[in-house]
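**Student:** 3D, please:
(2 chains)
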Amino acid sequence: MLKLFRFLRPYWWQVIILLLATGLQVYTTLRLPALMAEIINKGIVPGDTGYIWMTGIRMIGLTLVSAAGSLISSYFAARVGTAYARDIRRAVFTKVINFNLLDLKEFSTASLLTRTTNDVNQVQMVTIMLLSIMLRSPLFLVISVIMAMQTAPDMSWIIWIGAAAIIGSAILIMSLVMPKFKVFQDLIDKVTLITRENLTGLKVVRAFDNEKLEKKKFIKNNDKLTKLLIYIDKVLELQNPLINIIFNGTTLLCSWVGISLLSKDFAYLGNMTAFAQYVTFVMMSFLMMSMIFVTLPRANVSAHRINDVLSTKNKIDWLDKTDGVPEKTSSVEFRNVDFCYPEASEKVLDGISFVAHAGETTAFIGSTGSGKSTLINLVPRFYEATSGEILVNGLPVKKYAKDDLISRIGFVPQRGVLFAGSVKSNIKFGAPNASDEQMRKAARIAQAENFIEKLPEKYNSHISQGGANVSGGQKQRLSIARAICKNPDIFIFDDAFSALDMKTDARLREALKEVTESAVVLIVAQRVSTIKDADQIVVLNNGHIVGKGKHLDLLKSCKIYQEIVKSQLSDKEYAAELRKAKGGKHA
Amino acid sequence: MPNNTKKHNDKSMWQSFKVFLKSIKGYRLPITVAVILTVGSAIFGLFIPKILGDMTTIAVNSYPDLDWTALGGKAILAICMFLISAALNYAQAYILAIVSAKYTKEIREKILDKIFRLPISYFDKHQYGDTLSRMSNDVDVLTTSMSQEIADVSLSLTTLIGVMAIMLTISVPLSLISFVVVPVSVAVVGKIMQYAQKYFREQQSTLGILNSEIEEDYAGEIVIKSNSYEESALEEFDRINDKLTTVSRRAQIFSSLSFPVTHIFTNLGYVAICALGGVFVIEGHISIGDIQAFIQYVSRFNRPITEIASTTSTLQALLAASERIFEFLNEPEEEPDAVPAKTIDKVKGEVEFHNVCFSYLPERPIIRDFSVKIKPGMKVAIVGPTGAGKTTIINLLMRFYETDSGFITIDGVPTREMNRADVRSLFGMVLQDTWLFSGTVEENLRYGKLSASLDEIKEASKASNVHHIIEALPRGYHTVISEDSDNISAGEKQLITIARAMVANPPMMILDEATSNVDTRTEHLIQESFEKLTSGRTSFVIAHRLSTIRNSDLILVMRDGAVVEQGTHNELLKLGGFYAELYNSQFAEN
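**Tutor:** Sure thing, here's the model as predicted:
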């Protein structure tokens, strides 16, 4: 929480105004009981009507000043609090949007989302509370104590008794309840988890006819939750009656002591009433402050979660200007590239070297964990190679300015991701200046034209958040169109074809040739059929290159490749393929 | 027009209030007791300032020889009063705590029951998150505001009436001052709160917009990166973030205004009563102790009024929550099973579709007049492009959906005339979406047959090629699988679901082959165990792999929601239709 307070710095003068206004408000509010005591002592007792009216007018004046102070401090608390939250939110968003993929992996999307919204809201709420109550309460407390002692010094011990009673009861209740809150939260999570599982696994639960089992699980946790809830409530509800007893008891004590002191000084008649009010203020301040201690831990958790994001170091440094001149002809070259995750001992990629030329397709295949996805993510610097060099158009990627490198690459991720907007805005996402002609061509090549033309408003049709209103295959085709529309030097398809049926897959690859004549194409794939026509196939296993060549060559020479092909074809087909490979040798 | 909608809102609100009242009917007695206790507690509390004031008056009147017996009596009376008041207050809170906890529990169970009884089609139209939020957020709101509301309203009303009565007995003119000041202050605060609420609503909706914007950006970060879109994304974010800040500042300012404004009015009333009261004492209208008491009553008079004013917003929240909960609970359920239900003793596995028609939407028929006879032990492959309706066949077979017309028989018995649970128990199901619940591997495997022994489970795992993978996990069969557990890959999860189906050992199988995200070796293992699972059983496979398709006894080719061709691989190739086209596009040179 404290760390985040640095975001308050730009607003320091507003905080100072707020402080001054709060001080004014507290002081004037607390003057009122003293004046009332004076009305009793100097007005009512001697029977001086004039004095009463005079003091009355003074009290009205004070009331207005106090109100003004209160308004000003509330206004600035709201202003500072919301501006502060806005700045934090912006900082978090900026940070996340510039994360590299390693950072993104560390946090999940859902968690980042909560951190940017809910957690910041939590912090905003508490900050506003701190700025208003937390500043006001101690002031109230101190000034009340001082004034109480001034009005009736002989009675000041009552303050300590009242304060001790309030603090004692708060500690008692908290110590009974606090330890249970964690258990409580766990149980709530558990109940929610079971519900969610029953929703996501609806069909499985019904298919196995396990509703009764699931219900039993639910009831078990729900019962525990209910019992705990009753316990917590029982304890928490003690608070109100206890406070009432303490307040009433203290007031009674004030009257009693005040009356017994009357013989010493008749002024206690007015003073004891004022004193009772000061004591009430003191106890109220303690209550308010204890409220902060309840909310603070929760906000602190939020603040920590925000700080986690903010303190992540962006691990990739980009140059502001490209250092050097890339060649005209497109190419991608890996020179002895290693990659391993920070703090991991095993290499994900080990000694990777290959060259991909313009007009050629280079495909990567291998089992999960073979590192093929990581490999192509190194080209746009989503990750940073641990050692070795990656060259794009003859120039190391590290020497590029960010936009210069990115604009050369058309990247299609595994999952088709779209953004709310129109078909058009999605295809032109990476190339806002592209012509409509270019956009249509991209859609045609990506095999998306047919379904776009069938949409009610064609290219202007609405795409909802995350592309929820188009099917998975359509999403993937649009995201391929998006990459084509950029007219890049280098195409990267990260397993982008597996969401398509085989027929569309084949047609798309055929059409793609139109735009890849002078471009480098890198494809990661699962299906052998997708890559068998590639000019170069790189077979990866455990981060090593175990084979490099054309389909038929690899079929002869590379054992891992044989295994992969075998697993995807029937025995007969495999035998046929193998024959073809062997035949090729003799021909 | 806007008037109409308002009327409609009021009406539907009243409707949901009635439904809510009906739902707490079972708790009538404890709630009534709690209300009586609250009233009692308020009444006992009311007399305390009056007694304290009397003490002052006694002291002043008997000065300088203080009448300690009278004072002592009053003090003891006051102590009794506030102790009794506190005791009653606690008794009330205790009862309401139990009532609200029990009610919450009851509602939660009802919602879970409802989830089980709703037709699957409900969840095609509604998102899980929505149901989940009804279960957690809405139930929370409903129950906390319920007990709060019962206690607050009865306490406020009693205090209000009681305070007014006592104030009037002390001094009519002073009472009138407060009666005028307080309602004015409440009216002003009410107006301010209206604005605050308007901005709070705007804040909520802006927050929603910001949320979806951020979610989209974070989820699509890789696309943003690969298109250098960061600057534009930040611009868009700034626009919404600034708007949110403006609205939430306004909401904050307006809601924090209510405190100082009430304060002004309270203090003005306070000053007026001090001054005017002082004059009255001098003129001998009332005693000094009564002034003291009166000042305390004024502050007590304020609270219940502001509280009642704030009830409207709590009540609105309560009603909105109860509307969402009971709307869900009143959704139409699956048709009840036929009584008496037919059963099949020894299943041979003959499945027949008789002129089956089905549509999700009446205007878009998905399956038209589909008939096919599947002999026991046949392997049926369902193929076709994405979105062709392959899963619909499965959904009908499992009776997740009911046919519009026509029917399906198993060994000649119409599935409609059987219990749903019985129909489903005839099939083992392995879906692409590998659902496992959080629990140990063993528990997950036992899901299909709760009585299965550990040996049976291990046998099934071995047959499904997953035994070694499980053994390699840190705690073997006792390893806990959770949602975000990354110790198990997607392919391994699928193997576990295959083993799960194997443990259940059903007479027929339904399989959905995974398309992607499975590495080749695991895929090989999966295929092998698929084969074991289907051997000798009637099985339906949503197929993506050529090997599966070619080896099946019957291929159903689907396109745009209809079965366009059926037959064996060779028959269909000879036909030279859609299937041949599909197949050839895959292996063009064959």
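
**Student:** Mark out where each domain of chain A begins and ends.
**Tutor:** If you go by automatic domain parsing, the domain ranges for chain A are A:2-310, A:322-408+A:526-582.

**Student:** next one: the first one to chain centre, how far?
**Tutor:** Going by CA atoms, centre = their mean, to the nearest Å, the spacing between the C-alpha centre of domain A:2-310 and its chain's C-alpha centre is 26 Å.

**Student:** quick one, what contacts the residue most central in space within chain B?
**Tutor:** Note on chain B: the residue nearest the mean C-alpha position is residue B:134, at 2.3 Å, using CA atoms, centre = their mean. Counting by CB atoms under 8 Å, 6 or more residues apart in numbering or on different chains, residue B:134 touches B:111, B:324, B:325, B:328. Quick note: C-beta positions are derived from backbone N, CA and C, even for glycine.

**Student:** My understanding was that residue A:74 contacts residue B:257; is that so?
**Tutor:** Yes: proximity of residue A:74 to residue B:257 meets the contact threshold set by CB atoms under 8 Å, at 6.5 Å.

**Student:** For these two, indicate the residue with more neighbours.
**Tutor:** Neighbour count, other CB atoms under 10 Å in any protein chain shown: between residue A:74 and residue B:257, residue A:74 has more, with 27 against 21.

**Student:** With residue A:20 as the reference, measure out to that one.
**Tutor:** For residue A:74, the distance to residue A:20 equals 14 Å [CB to CB, to the nearest Å].

**Student:** Same question for residue B:107.
**Tutor:** 50 Å.

**Student:** With residue B:346 instead?
**Tutor:** If you measure residue B:346 against residue A:20 using CB to CB, the figure is 90 Å.

**Student:** Please say which of those two ends up with more neighbours.
**Tutor:** residue A:20 (14 against 6).

**Student:** What residues of the helix or strand hosting that one count as buried?
**Tutor:** Taking DSSP states H and E as the criterion, residue A:20 maps to helix A:12-38. Neighbour counts over helix A:12-38 (16 or more other CB atoms under 10 Å in any protein chain shown) mark A:14-15, A:17-18, A:21-38 as buried.

**Student:** give me the subset of those touching chain B.
**Tutor:** Residues of the buried residues of helix A:12-38 in contact with chain B (CB under 8 Å from any CB of the partner chain): A:29, A:32, A:35, A:36.

**Student:** If you average pLDDT over each of the domains of chain A, which is lowest?
**Tutor:** Mean pLDDT values for these show the minimum at domain A:322-408+A:526-582, a mean of 79.

**Student:** Pull the number of nearby residues for residue B:456.
**Tutor:** If we define neighbours as other CB under 10 Å, then residue B:456 has 16 of them.

**Student:** I'd guessed it sits against residue B:503; true?
**Tutor:** Yes: the criterion here is CB under 8 Å, and residue B:456 meets it with residue B:503 at 6.4 Å.

**Student:** what do these two both touch?
**Tutor:** With CB under 8 Å, 6+ apart as the test, residue B:456 and residue B:503 both reach residue B:449.

**Student:** one step back: mind pulling up the pLDDT for the residue nearest to the centre of chain B?
**Tutor:** Note on residue B:134: pLDDT of 78.

**Student:** ok so it is a strand residue?
**Tutor:** No: the assignment for residue B:134, made by DSSP: H, G, I helix; E, B strand; the rest coil, is helix rather than a strand.

**Student:** what's the helix or strand for the residue nearest to residue B:287 when sequence neighbours are not counted?
**Tutor:** Distances taken as CB to CB, 6 or more residues apart in numbering or on different chains place residue B:57 nearest to residue B:287, at 4.5 Å, with adjacent residues excluded. Using DSSP H and E, residue B:57 sits within helix B:28-62.

**Student:** can you state the direction angle for the helix or strand just after that helix and helix B:28-62?
**Tutor:** Remark: after helix B:28-62, the chain's next helix or strand is helix B:68-117, criterion DSSP H and E. Inter-element angle recorded for helix B:68-117 and helix B:28-62: 160 degrees (by axes from the mean of the first three to the mean of the last three CA atoms, to 10 degrees).
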